[in-house]
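> Sequence first, predicted model second:
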Amino acid sequence: EADIYQTPRYLVIGTGKKITLECSQTMGHDKMYWYQQDPGMELHLIHYSYGVNSTEKGDLSSESTVSRIRTEHFPLTLESARPSHTSQYLCASSSGELFFGEGSRLTVL
Amino acid sequence: GENVEQHPSTLSVQEGDSAVIKCTYSDSASNYFPWYKQELGKGPQLIIDIRSNVGEKKDQRIAVTLNKTAKHFSLHITETQPEDSAVYFCAASLGSARQLTFGSGTQLTVLP
């Protein structure tokens, strides 16, 4: 069973608020990822990291930012949330096989 | 880049019947093909994968087949049970998780 945790699981906020979605893994994986999952179910890679102090943008453009100060921690931040940011955000890590967290469902009013 | 197409988008079967989900990929260099199951309110979970040097792989009621020439691969679930109801994603990769391209998902419903 994968040990990757996301908080909060659900978040409803107003437009303009700053939010941070937390992701932690205890498997010691160097590689971590953030995916955005739209209502049509498709998974889109928005950020990834191959190790501490390494972050890259993914295939889908996103206004969010990420940081990787510790191996086990890969938070995602939205400086000013908008309704278009409403989505499910999935964190994952890998050392080969990809392990997903349970997701953070964000609703911006 | 890689493009993965998945069909059907929804699939309903009677309990005990078989279910088949098909995917095609565009990049002949892809060599890793995982399948994920996503239950409601949870993240996707790897259920089976296959590499390009293998044509078929089985794990109990689940099997995956790969046709490299035609560039398609399929998930087969036999003796379906209600707990198999979920969204299933195929994916193709050139070898790393960063390079995974996902299909659009199939909502499988097993009717009791």
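Alright, I've got the coordinates.
> Contact residues of chain A facing chain B?
Residues of chain A lying near chain B by C-beta under 8 Å from any C-beta of the partner chain: A:2, A:31, A:33, A:40-43, A:45, A:48, A:50, A:59, A:90, A:92, A:94, A:96-103. Any C-beta I mention is one placed from the backbone N, CA and C, and that applies to glycine too.
> List buried residues within the residues you listed.
The neighbour count (16 or more other C-beta atoms under 10 Å in any protein chain shown) marks A:2, A:31, A:33, A:41-43, A:45, A:48, A:90, A:92, A:94, A:98-103 as buried among the residues of chain A next to chain B.
> How about the contacts made by the residue in chain A positioned nearest to chain B?
Nearest to chain B, among the residues of chain A, is residue A:100, at 3.3 Å (C-beta to the nearest C-beta). For residue A:100, the contact set (C-beta atoms under 8 Å, 6 or more residues apart in numbering or on different chains) comprises A:2, A:4, A:35, A:90-92, B:36, B:43-45.
> Give me the buried subset of those.
By 16+ other C-beta under 10 Å, those give A:2, A:4, A:35, A:90-92, B:36, B:43-45 as buried.
> Closest to residue B:65 out of those residues?
Nearest to residue B:65, judged by C-beta to C-beta, of the buried ones among the contacts of residue A:100 is residue B:36 at 17.1 Å.
> so how far is chain A from residue B:8?
Look at residue B:8 and chain A: by C-beta to the nearest C-beta, to the nearest Å, they are 13 Å apart.
> so what's the closest residue to that residue other than its chain neighbours scoring on pLDDT?
In space, residue B:8 comes closest to residue B:106 once its chain neighbours are excluded; the distance is 6.1 Å by C-beta to C-beta, 6 or more residues apart in numbering or on different chains. Note for residue B:106: predicted pLDDT of 97.
> so what's residue B:106 bridging to?
Beta-bridge partners recorded for residue B:106 (DSSP bridges): residue B:88.
> doesn't residue B:9 make contact with it?
Yes. Using C-beta atoms under 8 Å, residue B:106 is in contact with residue B:9, at 6.2 Å.
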